[in-house]
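Colleague: Give me a 3D structure for the following:
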Amino acid sequence: MNNQTLDATVFEYNVAYFNTTFEDILAGIIIAYSCIIATKTKAPLNDENAIRDIFLSKKYLKNIDFRKANPPLANYHFDKETSENKGRADIRILQVNPYKDDDAYYIIECKRLDNVNQNGETGLNGKYISNGIARFTNENKYQFHSHTAGMMGFVVSKMGIHENVDFINHLLQNTFTEISTEKELTKKQIKSDFEYSYYSCHKAGESTNIIYHLMLDFSENITIS
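Modeller: Numbering: from 1, shown residues only. Predicted coordinates for the structure are as follows:
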């Protein structure tokens with residue numbers, strides 16, 4: 001796998017490939033998130049696409065000055081709602097400098113999370129799995145570039161985020177057993193000043209793939225129209 005380093009200590013089965021290029025991109029997204037929070041930008045309660053669009057605005061990932069100030073973001077093009085195999089991906093990240101090819105891109109899926117029915121299949125945690133993780137695994141809707149993909153969880157109500165990740169893992173282990181989870185959501189420090197980043201590993205076909213998860217707290221920025 002390209003641009004990856006081997007860390008054989010964190011998996012129970014002693015094999016782990018972390019994609020350092022993608023982690024750098026996620027670190028830039030975390031910087032954008034920190035700016036959004038610091039400027040008290042309002043986010044809607046019930047519209048994850050509108051929250052995503054704050055990131056994909058002329059202030060942040062569509063702003064060349066912002067991307068240049070936060071390498072390696074300047075090497076990538078970010079767009080939204082691109083057609084995939086059987087669905088539409090929330091964010092596509094295509095390398096432009098140096099250009100590789102049209103199929104060499106990363107996918108990030110975005111989902112809202114709240115504190116209602118956290119351990120239930122029909123709550124937003126359940127939707128995070130059934131309409132998020134499963135699209136990369138069982139349903140094969142989205143591709144894995146370099147066996148890597150990402151998810152952004154937009155936390156729209158007050159909660160303990162680490163505790164909520166435990167609820168998601170419980171659902172993976174006990175409810176969504178059709179998903180072949182080889183490693184549940186596990187803490188993965190991407191940026192030293194951000195504590196809510198994780199990774200999970202899932203079997204899809206003959207491959208083991210990694211999904212990175214950013215849990216982004218918008219609960220103080222929510223506006224109810």
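Colleague: I'd like the distance between Tyr105 and Leu94.
Modeller: 4 Å (Cβ to Cβ, to the nearest Å). Just so you know, the C-beta spots here come from the backbone N, C-alpha and C atoms, and that holds for glycine as well.
Colleague: and the longest strand for this protein?
Modeller: strand 207-217 (DSSP state E).
Colleague: Who are the packing partners of the helix or strand following it?
Modeller: As assigned by DSSP states H and E, the chain's next helix or strand after strand 207-217 is strand 222-223. Applying 3 or more Cβ pairs under 8 Å, 6 or more residues apart in numbering; DSSP states H and E, we find strand 222-223 packed against strand 43-44.
Colleague: neighbouring contacts of the strand it packs on?
Modeller: Ile36, Ala50, Ile51, Ile54, Phe154, Val156, Phe218, Asn221, Ile222, Thr223, Ser225 (Cβ atoms under 8 Å, 6 or more residues apart in numbering).
Colleague: residues in contact with the first one?
Modeller: Applying Cβ under 8 Å, 6+ apart to Ile36 gives the contacts Ala43, Ile54, Phe55, Tyr60, Asn221.
Colleague: tell me which of the residues you listed is nearest to Asn19?
Modeller: Phe55 (19.8 Å; Cβ to Cβ).
Colleague: wait, what's in contact with that closest one?
Modeller: Counted by Cβ under 8 Å, 6+ apart, Phe55 has contacts Ile29, Ala32, Tyr33, Ile36, Leu61, Phe78, Ile91.
Colleague: same thing but 7 Å
Modeller: Listed by Cβ atoms under 7 Å, 6 or more residues apart in numbering, the contact set of Phe55 reads Ile29, Ala32, Leu61.
Colleague: Over to Leu56?
Modeller: Counting by Cβ under 7 Å, 6+ apart, Leu56 has contacts Lys62, Phe78, Lys80.
Colleague: Cross those residues against helices and list the overlap.
Modeller: The helices, defined by DSSP state H, take in nothing from these.
Colleague: which residues touch the residue nearest the centre of the chain?
Modeller: The centroid of the chain falls nearest to Met151 when counting by Cα atoms, centre = their mean (1.8 Å). Met151 sits next to Ile108, Glu109, Lys111, Gly132, Ile211, His213 when contact means Cβ under 7 Å, 6+ apart.
Colleague: between the longest helix anywhere in the chain and strand 207-217, how many degrees?
Modeller: Determined from DSSP H, the single longest helix within the chain is helix 20-38. Computed with axes from the mean of the first three to the mean of the last three Cα atoms, to 10 degrees, the direction of helix 20-38 lies at 10 degrees from that of strand 207-217.
Colleague: Just the CA atoms from helix 20-38 would do, formatted as PDB, please.
Modeller: Provided in PDB are the C-alpha atoms of helix 20-38 (Å, rounded to 0.1, in the frame of the first residue of the first chain):
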ATOM      1  CA  THR A  20       0.200   8.600   7.000                       C
ATOM      2  CA  THR A  21      -0.700  10.600   3.900                       C
ATOM      3  CA  PHE A  22      -4.400  10.400   4.800                       C
ATOM      4  CA  GLU A  23      -3.700  11.200   8.400                       C
ATOM      5  CA  ASP A  24      -2.000  14.400   7.300                       C
ATOM      6  CA  ILE A  25      -5.100  15.300   5.300                       C
ATOM      7  CA  LEU A  26      -7.300  14.600   8.400                       C
ATOM      8  CA  ALA A  27      -4.900  16.800  10.500                       C
ATOM      9  CA  GLY A  28      -5.700  19.600   8.100                       C
ATOM     10  CA  ILE A  29      -9.400  19.000   8.400                       C
ATOM     11  CA  ILE A  30      -9.100  19.100  12.200                       C
ATOM     12  CA  ILE A  31      -7.400  22.500  11.800                       C
ATOM     13  CA  ALA A  32     -10.400  23.700   9.700                       C
ATOM     14  CA  TYR A  33     -12.700  22.300  12.400                       C
ATOM     15  CA  SER A  34     -10.800  24.200  15.100                       C
ATOM     16  CA  CYS A  35     -11.200  27.400  13.100                       C
ATOM     17  CA  ILE A  36     -14.900  26.800  12.600                       C
ATOM     18  CA  ILE A  37     -15.400  26.300  16.400                       C
ATOM     19  CA  ALA A  38     -13.200  29.300  17.300                       C
END
